[in-house]
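1. here is a sequence together with a model predicted from it:
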Amino acid sequence: MPDERKRTGVIAQIVTTVVVAILVGGTSPWWWREVFPARQRGTSQERPWVPRTAPANPSPSLGSDHPSPPNPGDQGPGLIPSGTPEDMSRTPNSLPGDAIIHFRVAKLEGRDLVIEVDYRYNSQHGDNVLVGASLKGVPSGYLPTRLPPARDGTVVLNMSAIEAGSSEALEIFLFENGRPAEPFARRTFPYRMRFE
């Protein structure tokens, strides 16, 4: 009986992750290509996955020292953000104190990224808060990561570019578990990178 519960729990976690990825807007989790490898166009052979090392000088991550442009539509017509992380992270679901403060690329290997996200959020969101991210300009996926109980800190997020291409920006968002389509903090940082 315990083995059956464990098996059911693992399947439920995978299904939940896939549903969250679909609801967030077409992104898929980092493991998607491992489970469903892409096929080369015009052939039935699977494309081998070959890890690559990061370029010598990847584009630097930009954080609170370099304000990102506001998220169109999030600030309301005619409103100009003051430039604070809280203002630049605001969405219709935000509460006072919700902010994505800064991010750093901790590791870049081929199409796989590990980023560190500095955040804070209002305690009214509860203890079931997750972080996600997507690359702009290239299809990407992420592994939804639960934030620790602390209302501010740094969390590590794994993500991946699904296809080769160039990113223009990196969007990071916080959401309550079960509500991925309603981020309560979202911030876009310039991030230009070519993924092979």
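-> Here it is on my side, so go on.
2. pLDDT-wise, which helix or strand of the protein ranks last?
-> helix 32-35 (a mean of 58; mean pLDDT, DSSP states H and E).
3. which residue ranges of this structure form helices?
-> With DSSP state H as the criterion, the chain has helices at 2-25, 32-35, 85-88.
4. hey, least reliable of the ones you listed by pLDDT?
-> The minimum mean pLDDT among the helices of the chain belongs to helix 32-35 (a mean of 58).
5. list the buried residues of stretch 154-167.
-> V155, L157, N158, M159, S160, A161, I162, G165, S167 (16 or more other CB atoms under 10 Å). To be clear about C-beta, it is placed using only N, CA and C from the backbone, and glycine gets the same treatment.
6. and the fifth one, how far is that from P183?
-> I take that to be S160. 20 Å (CB to CB, to the nearest Å).
7. just the CA atoms of stretch 148-165, as PDB, please.
-> Presented in PDB, the C-alpha positions along stretch 148-165 are these (Å, rounded to 0.1, in the frame of the first residue of the first chain):
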ATOM      1  CA  PRO A 148      11.100  29.000   1.500                       C
ATOM      2  CA  PRO A 149       8.800  30.100   4.400                       C
ATOM      3  CA  ALA A 150      10.800  33.400   4.800                       C
ATOM      4  CA  ARG A 151       9.000  36.300   3.200                       C
ATOM      5  CA  ASP A 152      12.200  37.500   1.600                       C
ATOM      6  CA  GLY A 153      15.400  36.000   0.400                       C
ATOM      7  CA  THR A 154      17.000  34.200  -2.500                       C
ATOM      8  CA  VAL A 155      15.800  31.200  -4.400                       C
ATOM      9  CA  VAL A 156      17.400  29.000  -7.000                       C
ATOM     10  CA  LEU A 157      15.400  28.300 -10.200                       C
ATOM     11  CA  ASN A 158      16.200  25.800 -13.000                       C
ATOM     12  CA  MET A 159      15.100  26.700 -16.500                       C
ATOM     13  CA  SER A 160      15.900  25.900 -20.100                       C
ATOM     14  CA  ALA A 161      15.600  27.200 -23.600                       C
ATOM     15  CA  ILE A 162      13.600  24.600 -25.500                       C
ATOM     16  CA  GLU A 163      14.900  25.500 -28.900                       C
ATOM     17  CA  ALA A 164      17.900  27.300 -30.400                       C
ATOM     18  CA  GLY A 165      17.500  31.000 -30.700                       C
END
